[in-house]
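Asker: compute the structure for the input listed below.
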Amino acid sequence: MAVLKINGLSKSFGIKTVFENVSFEVRSGERIGLVGANGAGKTTLLRCLMGQEDYDKGSVSTSPGAVIGYLRQDFNYESQTLREEMELAWKDVLYYKDKLAELARKLETSHDEELVAAYGRTEERFEYLGGYDYEATTRKILTGLGFSDADWDRDIHGFSGGQKVRINLAAAFVRHPDFLFLDEPTNHLDMGMLEWLEEYLRSYRGGILMVSHDRYFLDATTTGIIDLENHQIHTYRGNYTQFTKVKALNEEAQERAYEKQQEHIRETEEYIRKYKAGIKAKQARGRQSQLDRLERIEKPIHRQSLHFQFEKPAECAEKVLDVMHVTSSYGDHVIFKDLTMHIKKGESVGLIGPNGAGKSTLLKLIVGDKRADGGFIQIGNRVKPGYYSQELDRLNSEYTVLEQIENDFDMGEREARNLLGMFLFRGDDVFKPVSLLSGGERARLTLLMLFLEKPNFLILDEPTNHLDIPTREIMEQALAAFGGTSLIVSHDRYFLDRVTTRILEMENGKLTEYLGNYSYYREKKKNLEEYERDRMEAESASSSGKSLPEKEPAKEKKSERKAESKAAPAPRKPVDSRKMDNIEMEIQRQEAMLKMLTVEMNQTPENYESIMAEYNQAKQKLEKLYNKWEEMAEMAE
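Answerer: Here you go, the predicted model:
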């Protein structure tokens with residue numbers, strides 16, 4: 001079993017400590033998530049492990065012969081085609097392939113024993129490195145990542161950002177290294193690619209160390225978590241959700257232990273002051289000696305995080321947005337055609353789909369940044385949209401942070417600085433030029449501007465990009481308590497689960513609706529896929545004259561019951577429209593209840609368990625209501 005050992009690693013930039021005395025191990029089969037706030041030093045630690053950055057002290061060692069693969073973040077390719085980039089990953093294999101060909105040519109005219117021995121040694125090394133399978137392995141990886149045979153000889157610089165991330169993934173995976181280092185591997189990947197990557201990593205036999213802010217991804221892939229905080233690391237077993245629970249319990253225990261010790265110290269010091277010169281002076285000196293030897297519990301350090309809530313939204317019309325038969329194209333390429341969508345007041349809608357499906361284009365049409373080729377878009381009366389663009393292009397690079405707020409919102413310095421402080425721009429940070437801000441800082445400043453606009457309809461395009469996990473959680477709380485209407489494009493599945501009540505999937509120019517959050521969407525989609533697979537198997541068996549094997553009643557799937565009911569439909573009863581209206585009202589009430597309970601869980605942690613039980617009960621009831629509504633809707637068709 002290969003082992004990667006990190007012992008006593010420390011790194012500083014001048015007087016600024018990045019991390020200190022870091023020690024841990026990664027073994028074959030382990031998938032470790034490295035988490036921490038932006039600026040904590042995660043990427044620096046990875047670069048030190050890769051030898052791309054010098055560390056001040058400590059050591060990094062691996063088992064003899066172990067190979068490390070690294071997911072690069074840049075797109076500065078020296079290759080001209082995808083094929084050439086993959087060949088770079090197999091450079092040593094291709095060297096031995098060429099050497100084998102050269103030796104084979106020589107052996108055609110000579111049977112020298114040394115040549116025969118050299119050929120045998122070269123072939124053995126070629127086989128050991130996977131030479132006989134390298135083309136099949138490359139094809140398997142590239143196909144899994146969505147590349148066709150035609151892509152192999154395309155100009156590598158002409159691929160999109162998401163495709164380039166997948167090229168980098170392929171280059172890291174193709175050699176099956178003993179250890180994989182992944183720095184934000186989910187950036188720019190759509191949900192289909194994310195699921196492929198999760199499945200691939202779960203089956204990977206080597207050790208993996210990955211930096212990610214994607215909580216859903218961390219939950220799906222990790223067997224352990226390393227938390228880098230305040231220059232130190234703490235290791236936890238299990239996935240991200242298990243880590244958060246254990247960390248919260250540890251912090252609570254440390255807080256209690258610290259307060260208890262501080263109370264003991266105060267009482268002891270009071271006793272010493274009271275009796276140090278009296279009859280109990282000996283006892284006082286003894287207690288002073290005990291106090292001097294006492295191992296002090298460190299005061300828990302609470303990281304600063306932004307805290308904000310959107311103001312109560314102004315009233316508006318019940319119909320917030322109508323998109324009617326809209327068509328949009330880019331040159332000769334039609335992105336979508338005859339698209340229709342409606343959003344009502346109070347809804348929180350997640351818009352998902354593969355990269356290039358047209359999600360961001362649709363948002364730009366809604367806010368007027370782009371004109372439709374056909375159809376019309378109508379925003380309801382008294383609806384005030386607030387748009388968050390993933391390009392963060394509202395910021396003026398010629399301003400400082402303070403000037404951005406002062407000039408855009410006609411605000412004095414004192415008020416602007418107070419608001420900027422809420423979003424973690426403090427002290428001299430407010431005089432920092434916007435052009436020099438990091439991605440996370442630009443995102444926070446854009447978020448502040450959205451907050452100051454006081455919208456009642458939030459239109460958000462990838463709002464969690466560049467944000468660390470603590471900031472994402474604050475944003476989730478703010479959206480859960482918002483009370484207005486939201487339309488959100490995001491690849492952050494954990495975020496979508498927390499804030500959305502309806503999912504619209506955009507694919508092949510069409511929208512498909514799912515009445516629930518992301519997890520509900522995944523479950524429904526899985527059921528539909530199972531039903532479609534069963535239907536195709538039944539049709540195939542029918543056409544070939546074969547019968548499908550009988551399945552046990554105890555393991556009968558919901559999709560199979562649906563298939564049976566569809567094959568032999570029962571006589572339909574007339575549907576009472578009033579009952580459907582009542583169910584819709586109850587669905588809205590339960591969705592509002594879930595939002596309220598989510599806010600309560602975040603605000604009253606002491607009652608978390610009881611509120612969570614109530615939340616689960618409401619969620620189960622909502623699931624039943626969704627199923628009942630769907631059954632009635634099918635009967636009404």
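
Asker: just checking, Ala40 is part of a strand?
Answerer: No: assigned with DSSP: H, G, I helix; E, B strand; the rest coil, Ala40 falls outside any strand and is coil.

Asker: quick check: it touching Glu229?
Answerer: Yes: Ala40 is within contact range of Glu229, at 6.4 Å (criterion: Cβ atoms under 8 Å). Every residue, glycine included, has its C-beta placed from N, CA and C.

Asker: what comes into contact with whichever strand or helix holds Gln378?
Answerer: Secondary structure here is read from DSSP states H and E; on that basis Gln378 sits in strand 374-379. Contact with strand 374-379 is made by 320-327, 338-339, 365-366, 385, 457, as judged by Cβ atoms under 8 Å, 6 or more residues apart in numbering.

Asker: out of Ala40 and Glu229, which sits in the busier spot?
Answerer: Between Ala40 and Glu229, Ala40 has the larger neighbour count (other Cβ atoms under 10 Å), namely 22 against 16.

Asker: longest helix of this protein?
Answerer: Among the segments of the chain that qualify as a helix by DSSP state H, the longest is helix 240-275.

Asker: so which bits of that helix are buried?
Answerer: Applying a neighbour-count criterion of 16 or more other Cβ atoms under 10 Å, one finds Tyr240, Phe243, Thr244, Lys247, Thr268, Tyr271, Ile272, Tyr275 buried in helix 240-275.

Asker: got it, and stretch 355-367?
Answerer: Buried-residue list, stretch 355-367, by 16+ other Cβ under 10 Å: Asn355, Ala357, Gly358, Lys359, Ser360, Thr361, Leu362, Leu363, Lys364, Leu365, Ile366.

Asker: okay, now the domains of the chain?
Answerer: With automatic domain parsing as the criterion, the domains of the chain are listed as 73-176, 244-293, 319-395+437-522, 571-637.

Asker: mind putting these into TSV with mean pLDDT and distance to Ser63?
Answerer: Output for those, formatted as TSV (pLDDT from 0 to 100; distance: least, Cβ to Cβ, whole Å):
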stretch	mean pLDDT	distance to Ser63
domain 73-176	88	15
domain 244-293	89	30
domain 319-395+437-522	93	32
domain 571-637	66	44
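
Asker: for Gly131, what are its contacts?
Answerer: So Gly131 contacts Val93, Tyr96, Lys97 (Cβ under 8 Å, 6+ apart).

Asker: excluding sequence neighbours, find me the nearest residue to Glu123.
Answerer: Counting by Cβ to Cβ, 6 or more residues apart in numbering, Glu123 lies nearest to Leu100, which is 6.1 Å off, once chain neighbours are set aside.

Asker: quick one: contacts of the helix or strand harbouring the one you found?
Answerer: Element membership of Leu100, judged by DSSP H and E, is helix 91-109. Helix 91-109 is contacted from outside by 87, 115-116, 118-119, 122-123, 125-126, 129-131, 134, using Cβ under 8 Å, 6+ apart.

Asker: would you map the helices across the stretch 201-350 of the chain?
Answerer: In the stretch 201-350 of the chain, the segments counted as helices under DSSP state H, counting those that start in this stretch are 215-221, 240-275, 281-293.

Asker: so which of these gets nearest Gly346?
Answerer: Nearest to Gly346 among those is helix 215-221 (25.4 Å), distances taken as Cβ to Cβ.

Asker: got the CA coordinates for that closest one in CSV?
Answerer: What follows is helix 215-221, C-alpha atoms only, in CSV (Å, rounded to 0.1, in the frame of the first residue of the first chain):
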residue,chain,number,x,y,z
ARG,A,215,-20.0,20.4,-0.2
TYR,A,216,-22.2,18.0,-2.2
PHE,A,217,-19.0,16.8,-4.0
LEU,A,218,-17.1,16.4,-0.7
ASP,A,219,-20.0,14.5,0.8
ALA,A,220,-20.1,12.2,-2.3
THR,A,221,-16.4,11.4,-2.5
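
Asker: now find how far off-centre stretch 89-102 is within its chain.
Answerer: 39 Å (Cα atoms, centre = their mean, to the nearest Å).

Asker: what residues of that stretch count as buried?
Answerer: Under the neighbour-count criterion of 16+ other Cβ under 10 Å, stretch 89-102 has Ala89, Trp90, Val93, Tyr96, Lys97, Lys99, Leu100 buried.

Asker: for those residues, which one is nearest Lys526?
Answerer: Closest to Lys526 out of those is Ala89 (34.4 Å), distances taken as Cβ to Cβ.

Asker: and the closest one, how far from Glu462?
Answerer: 30 Å (Cβ to Cβ, to the nearest Å).

Asker: before we move on, what about Asp373?
Answerer: In terms of Cβ to Cβ, Asp373 sits 25 Å off from Glu462.

Asker: what's the answer for Thr400, then?
Answerer: In this view, Thr400 and Glu462 are 26 Å apart by Cβ to Cβ.

Asker: helix/strand/coil for the residue lying closest to Tyr55 once chain neighbours are set aside?
Answerer: Nearest non-adjacent residue to Tyr55, counting by Cβ to Cβ, 6+ apart: Cys48, 4.5 Å away. Three-state assignment for Cys48 (three-state DSSP): helix.

Asker: okay, buried residues for stretch 612-619 please.
Answerer: Across stretch 612-619, burial judged by 16+ other Cβ under 10 Å covers Glu614, Tyr615, Ala618, Lys619.

Asker: follow-up on the earlier one: who has more neighbours, Asp373 and Glu462?
Answerer: Ranked by neighbour count (other Cβ under 10 Å), Asp373 and Glu462 place Glu462 first, with 21 against 12.

Asker: what is the neighbour count of Phe173?
Answerer: Count around Phe173 with other Cβ under 10 Å applied: 24.

Asker: list the residues that contact it.
Answerer: For Phe173, the contacting residues are Gly69, Ile141, Leu180, Tyr200, by Cβ under 8 Å, 6+ apart.

Asker: test for you: state the pLDDT assigned to the residue positioned nearest the centre of the chain.
Answerer: Within the chain, one residue has its C-alpha closest to the average C-alpha position: by Cα atoms, centre = their mean, that is Asp214, at 2.2 Å. Asp214 carries a pLDDT score of 94 in this model.

Asker: the one helix or strand Ile141 maps to vs helix 91-109, what angle?
Answerer: Per DSSP H and E: Ile141 is located in helix 134-144. Interaxial angle, helix 134-144 versus helix 91-109 (axes from the mean of the first three to the mean of the last three Cα atoms, to 10 degrees): 150 degrees.

Asker: give the buried residues for helix 134-144.
Answerer: Quick answer for helix 134-144 (16+ other Cβ under 10 Å): Tyr134, Thr137, Thr138, Ile141, Leu142, Gly144.

Asker: verify the stated contact: Glu315 with Val383.
Answerer: No: counting by Cβ under 8 Å, Glu315 stays clear of Val383, with 10.1 Å between them.
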